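**Q** With the sequence up front, the predicted model follows.
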Amino acid sequence: MSTLGFVKTHASLVEELDDVMTGYEYMERLYKDEGLSHKGVQRAAMFYSLACSCRLNNVNFFEYISDVINRTALMQPNTDIREYRALLPDKWKNL
């Protein structure tokens, strides 16, 4: 299963996490219970972190990730770092 597919199937779990379970505990659970590899857990942690940042900034995660993937696909390899910074959840604006 791809990492993005994994995140989509576990999106409801991310939304249901209560304050008791930390991000670390969630990632540990993925590693032990779901059988994800270390690299898979690192990728899931990245998406989890982005999902939490989106939630804190009142951004719909799936609209955000879809837009960011589409925008970055159109960027040139020598794109200025400030353009990438504008894609982080606290600065992002859906066009």
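**A** Yep, that arrived.

**Q** from here on, contacts and neighbour counts on C-alpha atoms
**A** Will do.

**Q** The helix or strand containing Ala44: which residues count as buried?
**A** In this assignment (DSSP states H and E), Ala44 forms part of helix 38-56. Within helix 38-56, the residues that qualify as buried are 40-41, 44-45, 47-48, 50-54, counting by 16 or more other Cα atoms under 10 Å.

**Q** Quick one: name whatever helix or strand follows it.
**A** helix 61-74.

**Q** what's the angle between that next one and helix 38-56?
**A** 110 degrees (axes from the mean of the first three to the mean of the last three Cα atoms, to 10 degrees).

**Q** need the next SSE after helix 61-74, C-terminal direction.
**A** helix 81-85.

**Q** Run through who's touching that next one.
**A** Lys91 (Cα atoms under 8 Å, 6 or more residues apart in numbering).

**Q** still on that earlier bit, quick one: the buried residues of helix 38-56 as JSON lines, columns for pLDDT and distance to Asn94 too.
**A** Output for the buried residues of helix 38-56, formatted as JSON lines (pLDDT from 0 to 100; distance: Cα to Cα, whole Å):
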{"residue": "Gly40", "pLDDT": "75", "distance to Asn94": "28"}
{"residue": "Val41", "pLDDT": "74", "distance to Asn94": "28"}
{"residue": "Ala44", "pLDDT": "76", "distance to Asn94": "24"}
{"residue": "Ala45", "pLDDT": "77", "distance to Asn94": "24"}
{"residue": "Phe47", "pLDDT": "82", "distance to Asn94": "19"}
{"residue": "Tyr48", "pLDDT": "81", "distance to Asn94": "20"}
{"residue": "Leu50", "pLDDT": "87", "distance to Asn94": "16"}
{"residue": "Ala51", "pLDDT": "86", "distance to Asn94": "16"}
{"residue": "Cys52", "pLDDT": "84", "distance to Asn94": "18"}
{"residue": "Ser53", "pLDDT": "87", "distance to Asn94": "16"}
{"residue": "Cys54", "pLDDT": "89", "distance to Asn94": "13"}
